[in-house]
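S.K.: Pasting a predicted model and its sequence here:
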Amino acid sequence: MAPVLSCRGLVKRFGERTAVDQVGFEVSKGETYGLLGPNGAGKTTTISMICGLLAGDAGTVQIDGFDIASDPKAAKSALGFVPQDLALYPDLTGAENLTFFARLHGISGKRLESRVGSVLDVVGLADRRDDRTEDYSGGMKRRLNIGVGLLNEPKLLILDEPTVGVDPQSRTAILDSVEALGGTGMAVVYTTHYMEEAERLCDRLAIMDQGKMIAEGTRRELVEKVGDNDRIRLRIVGDGEGASRLLDDIDGVVFATAADGMVEVACRSAHTLLPSVVAAVGQAEARIESVELIEPDLESVFLALTGKALRD
Amino acid sequence: MRKIIAIALIDLRRLFRERVNFFFFLALPLVLILVLGSLVADTKPRLGVVGGSDSAQGSELRSDLLAIEGASVEAFDTSADLLEALRRDELNAGVIIPDDYDEQIETGGTARIEYVSVPDTGGIQVQGLVSEVISARSRELTAARFVADEGFASLADGLAAAERTASAAPQTTVEIVGPDFGKPEAAGGRGFLAAQELVLFTFLTGLTAATALIQTRQLGIAHRVLSTPTSIGEFLAGVTLGRFLVAASQGLFIIIASALLFGAGFGNWPAAIAIVLLFSVVGTGAAMVMGSVFSNDAQAGATGVFIGLGFAAMGGCMVPLEFFSPTMSKIAHFTPHAWANDAFAELIQRGGGLGDITTELAVLALYGAGLLAISTALMSRVLRTR
Ligand SMILES: Nc1ncnc2c1ncn2[C@@H]1O[C@H](COP(=O)(O)OP(=O)(O)OP(=O)(O)O)[C@@H](O)[C@H]1O
Ligand SMILES: [Mg+2]
């Protein structure tokens, strides 16, 4: 099946700085693709080129099979764009904002009414439809901002950091609805610098830093690429040193250390090794108070790849 | 086309959602016309008269002048008093009857009276009234001289006879002299005042609209619009159309409302509407240029007011162009305002029609087209590079 979005060799320079350097990826129907990277990584610039808002220095973009440069109207018809910054008229109501952008998608008549109505339902603002958006809470504005991107029932939805500056409650609501949208068969591109969001939502993702894509794949693939170990962290009462010596001998354990009543085990697969770990601690006549399994996350992947933390 | 209209209408909707904008766009120009209009055209013009009381012919003229109905006439003791009152703006004009008025007439020459006026519509109205009185006197005197030469005992007897017959050859023997710096063309009262206000406001409104344009960019709405299947051309056309509709409706409202409410006359209506529409294009073009040059709406707003009022003053919206020196007038014609004001003056004061203002209209059209072309080029560049 042809990908909904395909971009290749995207380059954008601002003077001396190369903001986007050879970025390319594909997103299929029903897939949620993440662009994860710190501030200034080039996520928004990449998105702007994909949406045809910024002329790149090199590269091609195809949306739904249409080239954004040579056939922009067809390509944009398949696109729903949710910009990083709120793009709403503050002095118009939620319904008026939606109606305006729907018209620009060529939606009119009965369909206009029904699209505006159903988007208001999806983003949970039906009861606030006739209030000016400047009177909305921060989270409501964010939700409406996303709603505008859904008006044309796009095949490709692009969300640029939709949860920045949002309270936890709205954030959960936004993540839930993005998850649901992915489930409806929409292709979604989601940029964020929150590792947790990327882990939860994205089927595949790219890690970006300083304009470059430094790694791409599923979460599992990325973690394996870095070759990081899982960790089992145990709080015990009794002979920690003895326990760690026994643990070291288990097949699959890379190393085990003990300190201050804590035993930490580095291993390949924490889930499969957990029963033998518990048994070994029992042999050492120590008692387990708590167990914690730590799988390597994207944070550690990013750290391993760039030598720096994802967030400052 | 639908999209262009949708973009144009969203601007209008936003503008008129704010009640206060109704005041700025519609009520304020009318209030100004009303206030300024009452200063120039509401009260009867005032005329001062000096001299003439010590002589026979002089007092005839004096009492004729004092009896003028179209003005409120006041007698002064000395010409110094009269000039002082004129200077203090208490009079629109004054007539000074010379002490040797009778002698001048008796010796058969031409009697000269002095007429002074301020250059406003009141002064010009009075001039007309005074001229009427004087030419009536002239006719009587001419007739009297004719009768006297034919054998009456004296001029007085002849005059009595002349007043009875009351017809004679129209040979003027009383002339108006004196510092007259008012031109009859400056007349036009409220019509011209409204035209000046219109030119000022249409342009100013246009420029302040630049802030809305910049906000649209700042809010990221321009980008969002362009992420839909809407081209840069459609977007700019929509924004331009919206701005034009605002400026044009304001201009048309001003001429129609001031005609209906204050009886202001604009002469030839199709020509007046043509000026309003073309000047609205100029205002819109200027706004679009500002909107693409500035990226900060507060800066653009302040600059807009500054340029708007500056051009208005330079272009003859505050002091009519007739009172500009030739050099100043040349400078003034760098502003589109001067051309619009010229065109209105032609219609209102000289009764011209479309055919008489083709030059002015062509210049305005050039201004509009030039500004729109520049702004379209600038704006597409700004939008493409973020
Ligand atoms: N119009 C521009 N002119 C000059 N430099 C720009 C412009 N837009 C972006 N940049 C630069 O390009 C780089 C990438 O910016 P971009 O906004 O794409 O980052 P981002 O990954 O979206 O960051 P954030 O998470 O902060 O939104 C930055 O260094 C930025 O300063
Ligand atoms: Mg960004």
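M.R.: Nice, I can see it. Numbering: from 1, shown residues only, chains lettered A, B, ... in the order given. Ligands and ions are numbered 1, 2, ... in the order given.
S.K.: Which of the helices or strands spans A:Thr191?
M.R.: strand A:187-192 (DSSP states H and E).
S.K.: Export only the CA atoms of stretch A:241-251, formatted as CSV.
M.R.: This file holds the C-alpha atoms of stretch A:241-251, laid out as CSV (Å, rounded to 0.1, in the frame of the first residue of the first chain):
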residue,chain,number,x,y,z
GLU,A,241,26.2,-8.6,49.2
GLY,A,242,25.5,-12.3,49.3
ALA,A,243,22.4,-11.9,47.2
SER,A,244,24.3,-9.9,44.6
ARG,A,245,27.0,-12.6,44.3
LEU,A,246,24.3,-15.3,43.7
LEU,A,247,22.6,-13.0,41.2
ASP,A,248,25.8,-12.5,39.2
ASP,A,249,25.9,-16.2,38.5
ILE,A,250,22.5,-16.3,36.9
ASP,A,251,22.6,-16.8,33.1
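S.K.: got a list of contacts for that stretch?
M.R.: For stretch A:241-251, the external contacting residues (Cβ atoms under 8 Å, 6 or more residues apart in numbering or on different chains) are A:236, A:253, A:255-258, A:263, A:265, A:273, A:276-277, A:280-281, A:283-286. All C-beta spots, glycine's among them, are computed from the backbone N, C-alpha and C.
S.K.: quick one: B:Phe22 is in a helix?
M.R.: Yes: B:Phe22 sits within a helix when classified using DSSP: H, G, I helix; E, B strand; the rest coil.
S.K.: Tell me the spatial nearest neighbour of it, not counting adjacent residues.
M.R.: In this structure, B:Phe22 finds its nearest non-sequential neighbour in B:Phe16, 6.7 Å apart by Cβ to Cβ, 6 or more residues apart in numbering or on different chains.
S.K.: Please verify my assumption that that neighbour contacts B:Phe24.
M.R.: No: contact between B:Phe16 and B:Phe24 fails when scored by Cβ atoms under 8 Å: they sit 11.0 Å apart.
S.K.: tell me the helices in chain A, going along the chain?
M.R.: Using DSSP state H, the helices found in chain A span residues A:43-50, A:72-77, A:94-104, A:109-122, A:138-150, A:168-183, A:195-201, A:219-226, A:240-248, A:270-283, A:298-306.
S.K.: tally of neighbours for the residue in the stretch 101-250 of chain B that ligand 2 sits nearest to?
M.R.: For the stretch 101-250 of chain B, the nearest residue to ligand 2 under the criterion Cβ to the ion is B:Gly220, separated by 11.8 Å. By other Cβ atoms under 10 Å in any protein chain shown, 18 other residues sit near B:Gly220.
S.K.: I figured it hits A:Pro90, correct?
M.R.: No: shown here, B:Gly220 and A:Pro90 do not form a contact pair, counting by Cβ under 8 Å, at 11.9 Å.
S.K.: Kindly export stretch B:54-68 (C-alpha atoms) in PDB.
M.R.: This file holds the C-alpha atoms of stretch B:54-68, laid out as PDB (Å, rounded to 0.1, in the frame of the first residue of the first chain):
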ATOM      1  CA  ASP B  54     -20.900 111.900   7.500                       C
ATOM      2  CA  SER B  55     -21.900 112.200   3.900                       C
ATOM      3  CA  ALA B  56     -25.100 112.000   1.900                       C
ATOM      4  CA  GLN B  57     -24.000 109.300  -0.600                       C
ATOM      5  CA  GLY B  58     -21.900 107.500   2.000                       C
ATOM      6  CA  SER B  59     -24.800 107.100   4.400                       C
ATOM      7  CA  GLU B  60     -27.000 105.800   1.600                       C
ATOM      8  CA  LEU B  61     -24.500 103.000   0.900                       C
ATOM      9  CA  ARG B  62     -23.900 102.500   4.700                       C
ATOM     10  CA  SER B  63     -27.600 102.000   5.300                       C
ATOM     11  CA  ASP B  64     -27.900  99.600   2.300                       C
ATOM     12  CA  LEU B  65     -25.100  97.600   3.700                       C
ATOM     13  CA  LEU B  66     -26.500  97.500   7.200                       C
ATOM     14  CA  ALA B  67     -29.700  96.300   5.800                       C
ATOM     15  CA  ILE B  68     -28.200  93.100   4.100                       C
END
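S.K.: Contacts for that stretch, please.
M.R.: Contacts to stretch B:54-68, defined as Cβ under 8 Å, 6+ apart, come from residues B:47, B:49, B:51-53, B:73, B:75, B:95, B:97, B:99, B:101-102, B:105, B:111, B:113, B:129-130, B:133-134, B:136-137, B:141, B:156, B:174.
S.K.: chain center to that stretch: distance?
M.R.: With Cα atoms, centre = their mean, to the nearest Å as the basis, stretch B:54-68 stands 35 Å off its chain's centre.
S.K.: Stretch B:254-270 now?
M.R.: Computed by Cα atoms, centre = their mean, the chain-centroid distance of stretch B:254-270 equals 13 Å.
S.K.: Quote the end-to-end distance of it.
M.R.: 15 Å (Cα to Cα, to the nearest Å).
S.K.: residue boundaries of the helices in the stretch 251-386 of chain B?
M.R.: Ranges of helices in the stretch 251-386 of chain B, per DSSP state H, counting those that start in this stretch, are B:269-293, B:297-314, B:326-332, B:336-350, B:358-384.
S.K.: ok, back up a step: I'd like the helices of chain A laid out as a markdown table, including mean neighbour count and mean pLDDT.
M.R.: Output for those, formatted as a markdown table (neighbours: other Cβ atoms under 10 Å in any protein chain shown; pLDDT from 0 to 100):
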| stretch | mean neighbour count | mean pLDDT |
| --- | --- | --- |
| helix A:43-50 | 25 | 94 |
| helix A:72-77 | 19 | 92 |
| helix A:94-104 | 24 | 95 |
| helix A:109-122 | 15 | 93 |
| helix A:138-150 | 22 | 91 |
| helix A:168-183 | 16 | 85 |
| helix A:195-201 | 18 | 86 |
| helix A:219-226 | 16 | 79 |
| helix A:240-248 | 19 | 85 |
| helix A:270-283 | 16 | 86 |
| helix A:298-306 | 19 | 77 |
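S.K.: closest to ligand 2 out of those helices?
M.R.: Ranking the helices of chain A by distance to ligand 2, with Cβ to the ion as the measure, places helix A:43-50 first at 3.0 Å.
S.K.: Mind splitting chain B into its structural domains?
M.R.: Per the record, chain B has its domains at B:2-40+B:187-385, B:45-164, by automatic domain parsing.
S.K.: Deepest in the core, which of those is it.
M.R.: Stretch with highest mean neighbour count among the domains of chain B: domain B:2-40+B:187-385 (a mean of 20; mean count of other Cβ atoms under 10 Å in any protein chain shown).
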